[in-house]
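Participant: below is the sequence, then the predicted model.
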Amino acid sequence: MTTSLKGKDVLQVEQLASEEIALIMDTAARFQGALQAGDRLMNMAGKVLATLFYEPSTRTRLSFEAAMLRLGGQVISVAEAKTSSSAAKGETLFDTGKMIESYCDVAVIRHPVVGSAQELAEGASIPVINGGDGAGQHPTQALLDLYTIRQEKGRVEGLTITLAGDLKNGRTVHSLSALLANFGVRFYFVAPQALAMPAEITASLRQRSIEIVETTDLARAVAESNVLYMTRVQKERFADPAEYARLKGAYVVDTKLVKSAKPGLTLMHPLPRVDEIQKQVDADPGAAYFRQAANGVPVRMALLALVAGRE
Amino acid sequence: MTTSLKGKDVLQVEQLASEEIALIMDTAARFQGALQAGDRLMNMAGKVLATLFYEPSTRTRLSFEAAMLRLGGQVISVAEAKTSSSAAKGETLFDTGKMIESYCDVAVIRHPVVGSAQELAEGASIPVINGGDGAGQHPTQALLDLYTIRQEKGRVEGLTITLAGDLKNGRTVHSLSALLANFGVRFYFVAPQALAMPAEITASLRQRSIEIVETTDLARAVAESNVLYMTRVQKERFADPAEYARLKGAYVVDTKLVKSAKPGLTLMHPLPRVDEIQKQVDADPGAAYFRQAANGVPVRMALLALVAGRE
Amino acid sequence: MTTSLKGKDVLQVEQLASEEIALIMDTAARFQGALQAGDRLMNMAGKVLATLFYEPSTRTRLSFEAAMLRLGGQVISVAEAKTSSSAAKGETLFDTGKMIESYCDVAVIRHPVVGSAQELAEGASIPVINGGDGAGQHPTQALLDLYTIRQEKGRVEGLTITLAGDLKNGRTVHSLSALLANFGVRFYFVAPQALAMPAEITASLRQRSIEIVETTDLARAVAESNVLYMTRVQKERFADPAEYARLKGAYVVDTKLVKSAKPGLTLMHPLPRVDEIQKQVDADPGAAYFRQAANGVPVRMALLALVAGRE
């Protein structure tokens, strides 16, 4: 049987089989080539995407919308759906799904509550893509991160990857670690004790025979890693401001850290960054975070075209 | 003379002659057929719609925008015009109309104040469509409701139609009853005393020889009706919370009520619903409210194409 | 060498050479002719514009978006970027520029802080157009104002132009006076003492041999002027409400003032107006402010097409 995502929802990375992941990666690479060649694509001509954002996320929304437009499609959008009349009046997401299916061909939802994308998908007969549901999943970010690693390193298998920063609350690193586990990588998890990767996630990864080193020492991890994936340590997570101030300094990537790293280190970050990666580091050839952000467009083009059966 | 809406504003249902209503219905049916056949329409290619929403209404805005895009047109939008700079600085809607006429070919306005659409239309030389003006009119909702009744019942003439819920404050039921009065229907108006249909509306309908039964007994009405059009009883309309709690229960459609209804009852609701129609009722073949919402797209396509002279 | 704006940012009027201004004017005139002829333009087909508005400006945003759509292009938009997740999380505009360059081909930014457009442009490799940066510049408004004067008067050289109202805080009049100084005009600056044109601007203009008369007497100025450019005197600029009330009355254009003016006076205003130009004046053949607003579309079409190399 041929692998296809036509008509499917994309709600969490665990639902994706290896062949489906490979299909997404290959399709994204093809679209990126077309973009670079200046080709005008019309795969989604006549199709409409709805972006329903119940919490703001400029980057995710704009990259989905750009992806749809680059495929010749069109977009309707609710940038601040929380204040929308329907949500304010107490409509269920199931009913919103019933509504939206007659307005568009694909929907992307971002919502602060875990499981929201699932509920919308149950109402809607059209494909629904999860653009981030609270502390739950952010599968399209994980897919563009995977794509970036493949592109920067030429492979994923056998790499040593450090995930650093707030590993407790970051849905990005949860989705990404689950996705990377398909590829036989080795992990360093670097976080303050209070923000360590949840035990159920490390347990689930180890059950899949993934080697994990947990440490609070970022310098030690990057000395052994091919990829450093930084995330932000958020002030509001700490009861004690002094504790925050101390830890914050421990998780800043500066030129000194980069010099002490394994040669060829690839630096990633889901952005926006504040000061956890210093601006001077941008000039390093391994600083891949802006290329990573740019990869959001071809990867989301691939997802949109695949679920619409228009790849 | 051939009936045409070209260049006309659509501000209230009373302005529409029978032939114009028929033209809208027929055009909508044609567009719905094209949508279902997967045809790509280009009637509005090169044209721009402006949606100016001074109060949020996700459903109305998105269905107009989807309609325009499905016709090959484009959209500019102010989703929260109340906070727009022009409105905040005290610009009149007349001046806004003068501005918008040079940016687009058709405009839809939603505004909390009665008469707003009229004021915008006076400034703008392009066609203006009223997307709901306060307690005033909501003509496009009434037209899609009429279209739904025709589609579900095959006819409108001679039907017995119950309008239930908050008949005092609901602009939807005001526009709809005025529109249905063209077709020789018979009405049940079912509402708590405090939320009864305004006397001037019932008087005006009776003057047009329309038979109306006013009652607070929903079960009695549905036993005699071909169509039940439910609306929401809003808590904030009641001074006494106990009174609200009592009445709310009296106007809930559940499977028991549906069983006691006249066979073949068509159930409608402008949506969003909260709990005035229970989810179990969705499975009933007469539950037409999601089809009704979907009909918003072809009916608005018809209106846009007709006023632009592109049907 | 052929004059070209391809790949350039448009951040302030001072950067524009005479040949570049002439190119913008000529391109705008050509596009306006095409719009009036009902031609469907496809210059920007396959291209995407991002409008990033960190403060609301309905008129500027919608006219840029309409301009892009009229050229066959597409738009992604952040209408209230101040509340966007990236800005709220503390992302720099430099980083936002790096992000946006992979989503679109041209960006327009409106921001309350002087220098913001410059910072975005430093991050982004694509052309950035300044849609107004705080008390700084608003070059596209100045260009459409210049276009309007050319169109209404047939020339700019040798005209006497009154700028009136709040000349201290109005970025529009700052950009416009600098732009007009290229054309050998003569100025009246009419403002309350507290809202006079900043001394560094008048000094800079006089250094360029521009004749300026500063006065508080509007009637005197219009008796000698070919063009009156009104702006709003904003209440919030005054500590003393009585002072505001007194001055406000002194700067109202009514039919009496128009009658006392030099014959053929052209009346302009960047809009929105509140009551500084009375509605009765709209009927005067010299009342050009709605035509001026309409000119925003062809002038912005010209800028978009020129920086994209698609004129």
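Facilitator: Here it is on my side, so go on.
Participant: from now on I want contacts and neighbour counts done on CA atoms only, so please keep to that.
Facilitator: Noted.
Participant: ok, now which ones touch the one residue in the stretch 151-300 of chain A that gets nearest to chain C?
Facilitator: The minimum distance from the stretch 151-300 of chain A to chain C, using CA to the nearest CA, falls at A:Ala294 (5.1 Å). By CA atoms under 8 Å, 6 or more residues apart in numbering or on different chains, the contact set of A:Ala294 is C:99, C:102-103.
Participant: what's the helix or strand for it?
Facilitator: Using DSSP states H and E, A:Ala294 falls within helix A:289-307.
Participant: and the helices in chain A?
Facilitator: A:18-36, A:58-70, A:85-88, A:93-100, A:116-123, A:139-153, A:171-180, A:199-207, A:218-222, A:241-250, A:255-260, A:289-307 (DSSP state H).
Participant: okay, those in JSON lines with mean pLDDT next?
Facilitator: JSON lines is the format used below for these (pLDDT from 0 to 100):
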{"stretch": "helix A:18-36", "mean pLDDT": "97"}
{"stretch": "helix A:58-70", "mean pLDDT": "97"}
{"stretch": "helix A:85-88", "mean pLDDT": "64"}
{"stretch": "helix A:93-100", "mean pLDDT": "96"}
{"stretch": "helix A:116-123", "mean pLDDT": "97"}
{"stretch": "helix A:139-153", "mean pLDDT": "98"}
{"stretch": "helix A:171-180", "mean pLDDT": "94"}
{"stretch": "helix A:199-207", "mean pLDDT": "96"}
{"stretch": "helix A:218-222", "mean pLDDT": "96"}
{"stretch": "helix A:241-250", "mean pLDDT": "78"}
{"stretch": "helix A:255-260", "mean pLDDT": "95"}
{"stretch": "helix A:289-307", "mean pLDDT": "98"}
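Participant: tell me which of those helices sits nearest to C:Ala17.
Facilitator: In terms of CA to CA, the element of the helices of chain A nearest to C:Ala17 is helix A:18-36, at 32.6 Å.
Participant: and the closest one, what does it pack onto?
Facilitator: If contacts are counted by 3 or more CA pairs under 8 Å, 6 or more residues apart in numbering or on different chains; DSSP states H and E, helix A:18-36 sits against helix A:289-307.
Participant: B:Thr58 is nearest to which of the helices of chain A?
Facilitator: Closest approach to B:Thr58 among those is made by helix A:85-88 (6.1 Å; CA to CA).
Participant: which residues does the nearest residue to A:Arg155 once chain neighbours are set aside contact?
Facilitator: For A:Arg155, ignoring the flanking residues on the chain, the nearest one in space by CA to CA, 6 or more residues apart in numbering or on different chains is A:Ile149 at 7.2 Å. Applying CA under 8 Å, 6+ apart, one finds that A:Ile149 lies in contact with A:155-156, A:227.
Participant: returning to that earlier point: and which of the contacts of A:Ala294 is nearest A:Ile76?
Facilitator: Among those, C:Tyr103 lies closest to A:Ile76 (CA to CA), at 17.0 Å.
Participant: around chain C, pick out the residues from the stretch 51-200 of chain A.
Facilitator: Contact residues (CA under 8 Å from any CA of the partner chain) of the stretch 51-200 of chain A with chain C: A:56-59, A:62-63, A:65-67, A:69-70, A:72.
Participant: correction: the stretch 201-311 of chain A
Facilitator: A:272-274, A:290, A:293-294, A:297.
Participant: which two in those residues are spaced the farthest apart?
Facilitator: A:Val274 and A:Val297 (22.7 Å).
Participant: the two - which one has more neighbours?
Facilitator: A:Val297 (27 against 17; other CA atoms under 10 Å in any protein chain shown).
Participant: so who does that one touch?
Facilitator: Shown in contact with A:Val297 (CA under 8 Å, 6+ apart): A:63-64, A:66-67, C:102-103.
Participant: please indicate which of the residues you listed has the highest neighbour count?
Facilitator: Counting neighbours by other CA under 10 Å, the top entry in these is A:Ala66, with 31 neighbours.
Participant: selection in ChimeraX covering whichever of the residues of the stretch 51-200 of chain A next to chain C are buried, please.
Facilitator: Buried subset of those, written as a ChimeraX selection, criterion 16 or more other CA atoms under 10 Å in any protein chain shown:
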select /A:56,57,58,59,62,63,65,66,67,69,70,72
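Participant: how about stretch A:292-299 as CSV, C-alpha atoms only?
Facilitator: Output in CSV follows, covering the C-alpha atoms of stretch A:292-299 (Å, rounded to 0.1, in the frame of the first residue of the first chain):
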residue,chain,number,x,y,z
GLN,A,292,15.2,26.4,11.2
ALA,A,293,12.5,29.1,11.3
ALA,A,294,12.6,29.4,7.5
ASN,A,295,12.2,25.6,7.3
GLY,A,296,8.7,26.1,8.8
VAL,A,297,7.4,27.1,5.5
PRO,A,298,8.4,24.1,3.3
VAL,A,299,7.5,21.6,6.1
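Participant: from the chain's centroid, how far away is it?
Facilitator: Taking CA atoms, centre = their mean, to the nearest Å, one finds stretch A:292-299 lying 10 Å from the centre of the chain it belongs to.
Participant: can you check stretch A:289-302 too?
Facilitator: Worked out by CA atoms, centre = their mean, stretch A:289-302 lies 10 Å from the chain centre.
Participant: quick check: buried residues in that stretch?
Facilitator: Buried residues in stretch A:289-302 (16+ other CA under 10 Å): A:289-302.
Participant: now do stretch A:192-212
Facilitator: A:192, A:195-197, A:202, A:205, A:210-212.
Participant: can you list contacts of stretch A:216-231?
Facilitator: Applying CA under 8 Å, 6+ apart, the contact partners of stretch A:216-231 are A:149, A:159-167, A:170, A:188, A:190-193, A:215, A:250-251, A:257, A:260-262, A:264-271, A:273, A:276.
Participant: now, of those, which are buried?
Facilitator: A:149, A:159-167, A:170, A:188, A:190-192, A:215, A:250-251, A:261-262, A:265-271, A:273, A:276.
Participant: would you map out the domains in chain A?
Facilitator: A:13-137+A:296-307, A:139-293 (automatic domain parsing).
Participant: wait, which of those is closest to B:Leu49?
Facilitator: B:Leu49 lies closest to domain A:13-137+A:296-307 among the domains of chain A, at 12.8 Å (CA to CA).
Participant: now do the end-to-end distance for the closest one.
Facilitator: 15 Å (CA to CA, to the nearest Å).
Participant: with adjacent residues omitted, what lies nearest to whichever residue of the stretch 101-250 of chain A sits closest to chain B?
Facilitator: The stretch 101-250 of chain A approaches chain B most closely through A:Ser102 (5.1 Å), counting by CA to the nearest CA. With sequence-adjacent residues excluded and distances taken as CA to CA, 6+ apart, A:Ser102 is closest to B:Ala294, at 5.1 Å.
Participant: where's the one you found relative to A:Arg206, distance?
Facilitator: Taking CA to CA, one finds B:Ala294 at 48 Å from A:Arg206.
Participant: same check on A:Thr3?
Facilitator: Using CA to CA, A:Thr3 is found at 28 Å from A:Arg206.
Participant: check A:Arg186 too.
Facilitator: Counting by CA to CA - A:Arg186 and A:Arg206 are separated by 10 Å.
Participant: report the set of residues contacting both of those two.
Facilitator: Common contact partners of A:Arg186 and A:Arg206 (CA under 8 Å, 6+ apart): A:Ile212.
Participant: pull up the gap between whichever residue of the stretch 151-300 of chain A sits closest to chain B and C:Ala34, please.
Facilitator: Nearest residue of the stretch 151-300 of chain A to chain B, counting by CA to the nearest CA: A:Arg300, 21.1 Å away. Counting by CA to CA, the gap between A:Arg300 and C:Ala34 amounts to 36 Å.
Participant: residue in the stretch 201-311 of chain A nearest to chain B?
Facilitator: A:Ala308 (13.5 Å).
Participant: which residues of chain A lie near chain B?
Facilitator: Chain A has residues A:46, A:48, A:74, A:76-78, A:83-86, A:89-92, A:95, A:98-99, A:102-104 near chain B, with proximity defined as CA under 8 Å from any CA.
Participant: returning to that earlier point: and the furthest pair within the contacts of A:Val297?
Facilitator: Longest distance between any two of these is 11.9 Å, between A:Phe64 and C:Ser102; criterion CA to CA.
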